[in-house]
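A.B. asks: Got a predicted structure here, sequence first:
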Amino acid sequence: MACYLTTGKHMSIYWSVLTVILLLAITAPTALAFGFAGASAARSRIAPVSWLGRGYIAVVRGVPDIAFFLFFVIALDQVIEATRHHVLCPDWVEPIRQGSDFVVCQAAKMPLGNAPQWVHESYGFAVAVFTFAIVFGAFAANVIQGAMGAVPRGQIETGESYGMTSRQTFWRILVPQMWIYALPGLSNLWMILIKATPLLFLLGIQDIVYWARELGGIKTSRFTDYPHGDWRMWYFLALLVFYLIFTRFSEITLERLMTRLTRGQATTAGEAQRKADTT
Amino acid sequence: MNACVQTVTDYGLRAVGIGKRLLPREDFTLCEQFTLIGSGMIWNVYFGVLALIAGFGFATLLALGKASNIKTVRKPSEWFIFLFRGSPLFIQFFFGYFLFLKLKIVFPIFAPFTAAWLGALVVLFFNTSAYTAEIFYGALRSIPKGDVEAADAYGLSGWSRFKRVIWPTMLRLAWPAYTNEAIFLFHATTLVFFSGFPAWQQRGDALYYASYFADKTFNPFIPYPILAGYFILLTLCVIGLFSIVNRRLNRHLPANTRQRLRIRPNLIR
């Protein structure tokens, strides 16, 4: 059994678990940055910037998520290749779309046709991360926008009465104070992000879903030392348990963080904490 | 124009197996894409509506179970809700499909469960029940104390108290969140044919056809916006229906305290 679980192919499923965690580690801050940018843009007093922010939030949230993933991977790829095509091969006269084909010159291929395997893989991964970040950035933008609205008006007015400019009140009061209001929404989003990671499979990454299907399939003794029947059910059961543990763990951690951030805030929970401390 | 009418008669019900057998292979017209993707929407509506109706009843039971004082009732409900809310729907589909494949070998009665129309429906039903139960449970806990006390004062108890006071109030409080849940559910139906369940004779849902076109034409900029358009329409229908119910649930309240439906759709489960 121990031998079976450490065959070369099984090592790849463990690596793909790391891929998932890496994806989460990169996507979460990126999406947060996108969200912050989106929310700040939506609040902007300059109308076109505000429209841009609002439009971004509305469009991404209005479309079925999975469709967005499938769409974005191809669309992003084509946009990159088309741009490179125009820049790198300006003397190419034929149109890019020829019937059902998408033709760009050799130099514009992304990644280059002769690039090593790992470049292809990491390019695919980067596109996936970017897609995730765009989609979740819109969700995060919505949460942050709500949180910025929830910061008590009095706190900002206090800042203004001290003579702060609107930029200063934004950075010194609004941004530090909004996190407590944003955290419930953001932690919800984190849970959803965890649960969205199997969709990597749809983006063509060899992730845990891919390997679970691959490894669980029927193996005859001709190809492997460990022949077995159709075990895919057990592999997916293992994945199910993995995700359950992961979400439970995050839940507990976020709860702790929430308690920490609530300290001294002008919210019901903060007030309850203060009372509990004083008695 | 006539060609388009012909396409609609050929492919309008293609997703349920009526009409031309072969999908278009080349020179895709806009009309073909609209028709086939629209025909795929039949499956999305089918999964969504049935899972929602069946899930509603089960979710009420689960929510009551989770709020119960009896440990043998509360624990299973809690675990059920945690199991389906804590894991990705995508993995649940995969697991369900392979589980049904296994069961089919032992009990032939499970054969229809390996097809999407029943197997995926069961998974969706359990999943939406768990999410809805959590919403209902939250609503149960926030029923105003005074409402229940008033019911007690009128001598209502047991079933009649539940039917006349607790249940309607629970629904009223839960309704905005439940509307969002319904919208998610319709979006989640697009996962079915990407998760193990085979699209028999290429009878798939809207996303299945949209990705078919995107693969064949290598141009995602047409089929996916069409799909998005269909889904926005579907979402508007759901919102319309649910707000009628919402108005009815809130009809006894003064107009200025009524809860408005706040639609915040679109999250992945």
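C.D. replies: On my side now, so go ahead. Everything numeric here is computed off the predicted structure, so don't read it as measured data.
A.B. asks: give the contact list for residue A:75.
C.D. replies: Residues near residue A:75 by C-beta atoms under 8 Å, 6 or more residues apart in numbering or on different chains: B:220-221. (Glycine included, C-beta is placed from N, CA and C.)
A.B. asks: which element is it on?
C.D. replies: According to DSSP states H and E, residue A:75 maps onto helix A:65-88.
A.B. asks: helix/strand/coil for residue A:230?
C.D. replies: Of the three states, residue A:230 takes coil according to DSSP: H, G, I helix; E, B strand; the rest coil.
A.B. asks: how far away is it from residue B:228?
C.D. replies: Going from residue A:230 to residue B:228 by C-beta to C-beta, to the nearest Å gives 37 Å.
A.B. asks: Neighbour count for these two, which is higher?
C.D. replies: For residue A:230 and residue B:228, the more surrounded residue by other C-beta atoms under 10 Å in any protein chain shown is residue B:228, and the numbers stand at 18 against 14.
A.B. asks: Surely the more buried one is in contact with residue A:67?
C.D. replies: Yes: the pair residue B:228 and residue A:67 qualifies as a contact (C-beta atoms under 8 Å) at a distance of 6.3 Å.
A.B. asks: pLDDT wise, what is residue B:79 at?
C.D. replies: In this model, residue B:79 is scored at 92, pLDDT.
A.B. asks: List the buried residues of the helix or strand harbouring residue B:64.
C.D. replies: Counting by DSSP H and E, the element that carries residue B:64 is helix B:30-67. Judged by neighbour count using 16 or more other C-beta atoms under 10 Å in any protein chain shown, the buried positions of helix B:30-67 are B:31-44, B:46-48, B:51-52, B:54-56, B:58-60, B:62-67.
A.B. asks: where in chain A is pLDDT low?
C.D. replies: A:1-9, A:61-64, A:91-115, A:218-229, A:268, A:279 (pLDDT under 70).
A.B. asks: Just the strands from the stretch 1-150 of chain A, written as ranges.
C.D. replies: A:97-98, A:101-102 (DSSP state E, counting those that start in this stretch).
A.B. asks: count of neighbours near the nearest residue to residue A:56 once chain neighbours are set aside?
C.D. replies: With C-beta to C-beta, 6 or more residues apart in numbering or on different chains as the criterion, residue A:56 has its nearest non-adjacent residue at 5.2 Å, and that residue is residue A:38. Using other C-beta under 10 Å, residue A:38 is surrounded by 26 other residues.
A.B. asks: now do residue A:277
C.D. replies: 9.
A.B. asks: Pull the contacting residues for it.
C.D. replies: With C-beta under 8 Å, 6+ apart as the criterion, no residue contacts residue A:277.
A.B. asks: and it, that one's in a strand?
C.D. replies: No: checked against three-state DSSP, residue A:277 lies outside a strand; its state is helix.
A.B. asks: isn't the residue nearest to residue A:56 right up against residue A:135?
C.D. replies: No: using C-beta under 8 Å, residue A:38 is not in contact with residue A:135; the gap is 11.8 Å.
A.B. asks: any bit of the helix holding residue B:64 sitting next to chain A?
C.D. replies: No: remark: helix B:30-67 sits outside contact range of chain A, by C-beta under 8 Å from any C-beta of the partner chain, the gap being at least 9.2 Å.
A.B. asks: now stretch B:216-226
C.D. replies: Yes: judged by C-beta under 8 Å from any C-beta, stretch B:216-226 comes into contact with chain A at B:216-221, B:224.
A.B. asks: All the helices of chain A, in order from the start?
C.D. replies: Under the criterion DSSP state H, chain A carries helices at the ranges A:2-5, A:8-43, A:47-62, A:65-88, A:117-150, A:153-161, A:166-169, A:175-196, A:208-216, A:232-262, A:268-278.
A.B. asks: Chain B now?
C.D. replies: Applying DSSP H to chain B gives helices spanning B:2-11, B:30-67, B:71-86, B:89-106, B:116-141, B:145-153, B:158-161, B:167-188, B:206-217, B:223-249.
A.B. asks: can you give me the offset of the first one from its chain's centre?
C.D. replies: Which is helix B:2-11. Put simply, helix B:2-11 sits 30 Å off its chain's centre (C-alpha atoms, centre = their mean, to the nearest Å).
A.B. asks: okay, now residue B:98: neighbour count?
C.D. replies: As a burial measure, residue B:98 scores 23 neighbours (other C-beta under 10 Å).
A.B. asks: and if you look at residue A:192?
C.D. replies: Neighbours of residue A:192 (other C-beta under 10 Å): 16.
A.B. asks: again, but for residue A:15
C.D. replies: Using other C-beta under 10 Å: residue A:15 sits among 12 other residues.
A.B. asks: how close does it get to chain B?
C.D. replies: 19 Å (C-beta to the nearest C-beta, to the nearest Å).
A.B. asks: So, low pLDDT: which residues of the stretch 151-269 of chain B?
C.D. replies: Checking the stretch 151-269 of chain B against pLDDT under 70 turns up B:255-269.
A.B. asks: For residue A:213, which non-adjacent residue is closest in space?
C.D. replies: In space, and not counting its chain neighbours, residue A:213 is closest to residue A:232: 6.1 Å by C-beta to C-beta, 6+ apart.
A.B. asks: residues near that neighbour, how many?
C.D. replies: With other C-beta under 10 Å as criterion, residue A:232 counts 23.
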